[in-house]
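**Q** how does the following fold in three dimensions:
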Amino acid sequence: MPEASEQPAKPADGSRRVYILWTVGLGLLLLLALACWLVVGPALQARREIRISIAEDRLQVDFLIPHPDIRSRRLQTVARLGGDREAALKLRVFLLMPDWFTEGLGQPDDLGGKEWATLLLGHCGEPGARQLIARLGHKIPYCRYVAIVALVEGGPQARLALPALERRLTDENSEVRSAAAEALKKIRGEAPPK
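**A** Here you go, the predicted structure:
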C-alpha cells in the first residue's frame, strides 16, 4: 500500500511538449479553416461567376445569340454573387488574389479576370463604386482606365467618383485622361450615355 506522503507522478516534460504542439497544431488548422472561409471561398465563387460571365459574352459574340443588354446580364451575375455588398466584397477578394489565380478564365483575346471583376464592380451599387474609386489610383494605367469605364457603366452611384475622376484629368496616361474627361461629361449629363 502506498504511503500517504507519496505524490502522484508529474507528467514528464516530453508529454507537456506534446500537449503544446497539439494545441498549436489545432490552432493553425482553425486559422487555415477561417482563411478558407473568408478568402478562398469568396474568391472561388467570384472566379466561377466571372468565368460564366465571360462564356455568356463569348456565346453572344461568337454565335450571335441575342441578349437584351450587357447591364442586365452583369446585374444577374452580381445577384448570383449575393447582391451589391456581398458581390463587391467577393470581387475585392478576387482582385487581391495573385495573377495565376485570376487569369486564364476566357479566350486569349478577352479581358483578363481582374478586368472582368472591375467591370462587375460597376454594377454593385455604392459598395462597388467605392472600390472603383480606390482602383482609380492603381499603378497600372489600364486598370485605372477599366475602373473609369466600370464607373460610367454602373449608373448613378458614379457621382461618388466625381472628385477622383477630376484628379484623373491630370493623369500621366493620355487614354486615362481622355476616359476621365468623357466619364465626367456623361456623369454630369453633358453628353448622352452610349
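**Q** just the helices from the protein, written as ranges.
**A** 13-35, 41-63, 70-80, 84-96, 99-102, 113-121, 125-135, 141-154, 162-167, 174-188 (DSSP state H).
**Q** return the most buried member of those.
**A** Comparing those by mean neighbour count (mean count of other Cβ atoms under 10 Å), helix 113-121 comes out on top with a mean of 26. For the C-beta atoms, the positions are set from N, CA and C on the backbone; glycine is no exception.
**Q** mean pLDDT lowest where, among the helices of the chain?
**A** Lowest mean pLDDT of the helices of the chain: helix 41-63, a mean of 75.
**Q** quick check: closest non-adjacent residue to the most centrally placed residue in the chain.
**A** The centroid of the chain falls nearest to Leu91 when counting by Cα atoms, centre = their mean (2.1 Å). Using Cβ to Cβ, 6 or more residues apart in numbering and skipping the chain neighbours, the partner closest in space to Leu91 is Ala117 (4.6 Å).
**Q** what's the spacing between the one you found and Arg51?
**A** As judged by Cβ to Cβ, to the nearest Å, Ala117 and Arg51 stand 11 Å apart.
**Q** for Tyr19, what are its contacts?
**A** The contact partners of Tyr19, taken as Cβ atoms under 8 Å, 6 or more residues apart in numbering, number zero.
**Q** any idea how far Thr118 is from it?
**A** 49 Å.
**Q** leaving out the residues flanking it, which one is nearest to Thr102?
**A** Here the residue nearest Thr102, using Cβ to Cβ, 6+ apart, is Gly113, at 3.8 Å.
**Q** the one you found and Glu103 touch, don't they?
**A** Yes: between Gly113 and Glu103 there is a contact under Cβ atoms under 8 Å: 5.4 Å.
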